[in-house]
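J.: Give me a model of this one.
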Amino acid sequence: MSSSTNPNANPPPENKAAKKKDKPPGKKPSFTIERLRRDCYKLFGITDSTFDAAVFGLTGTYTVEEMKGKIKEFQRKPIFPKKKEDK
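T.: Numbers count the residues shown, from 1 in each chain. Below is the predicted model:
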């Protein structure tokens, strides 16, 4: 038998660290509101209608962590404002 290389053998694993050179280190990706809405249940555990209410009036791009903060802030707000008592 000859000691030829097997053409069906698995190639050596690629260096994944070398592929990640595209992103600057430490900078998190930001996404449009529309893109975050598409996966709002997967990312934030909320429905699209809750997401819509939480981001009402917002524009621009946000990281996932920034949007989580905006949603938590929205969820903490009372539904009805406190009534002013008459004096």
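
J.: Report pLDDT for D52.
T.: Among the per-residue scores, D52 shows a pLDDT of 97.

J.: try P12
T.: Listed pLDDT for P12 reads 57.

J.: What are the buried residues along the biggest helix by length in the chain?
T.: When the chain is parsed with DSSP state H, its longest helix is helix 64-76. By neighbour count on 16 or more other C-beta atoms under 10 Å, the buried set for helix 64-76 is 67, 70-71. C-beta: built from backbone N, CA, C; applies to glycine.

J.: Closest to T50 out of these?
T.: T50 lies nearest to I71 out of the buried residues of helix 64-76, by C-beta to C-beta, at 7.8 Å.

J.: was I right about the closest one contacting L43?
T.: No - taking contacts as C-beta atoms under 8 Å, I71 lies outside contact range of L43: 9.5 Å.

J.: Show me the strands in the protein, by range?
T.: 31-32, 61-62 (DSSP state E).

J.: in its sheet, what does the last one sit against?
T.: I take that to be strand 61-62. Paired with strand 61-62 in the same sheet, following DSSP bridges, are strand 31-32 (antiparallel).

J.: how about low-confidence regions in the chain?
T.: Applying pLDDT under 70 to the chain flags the ranges 1-25, 86-87.

J.: Go again with 50.
T.: 17-20 (pLDDT under 50).

J.: still on that earlier bit, reformat the strands of the chain as CSV; add mean neighbour count and distance to F51.
T.: Output for the strands of the chain, formatted as CSV (neighbours: other C-beta atoms under 10 Å; distance: least, C-beta to C-beta, whole Å):
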stretch, mean neighbour count, distance to F51
strand 31-32, 14, 13
strand 61-62, 16, 12
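
J.: Minimum distance to K84: which of the ones you listed has it?
T.: The nearest among the strands of the chain, by C-beta to C-beta, is strand 61-62 at 34.4 Å.

J.: Tell me which residues are up against that closest one.
T.: 30-33, 36, 70 (C-beta atoms under 8 Å, 6 or more residues apart in numbering).

J.: out of those residues, what pair is the most spread apart?
T.: T32 and K70 (13.9 Å).

J.: how close does K70 sit to K28?
T.: Using C-beta to C-beta, to the nearest Å, K70 is found at 15 Å from K28.
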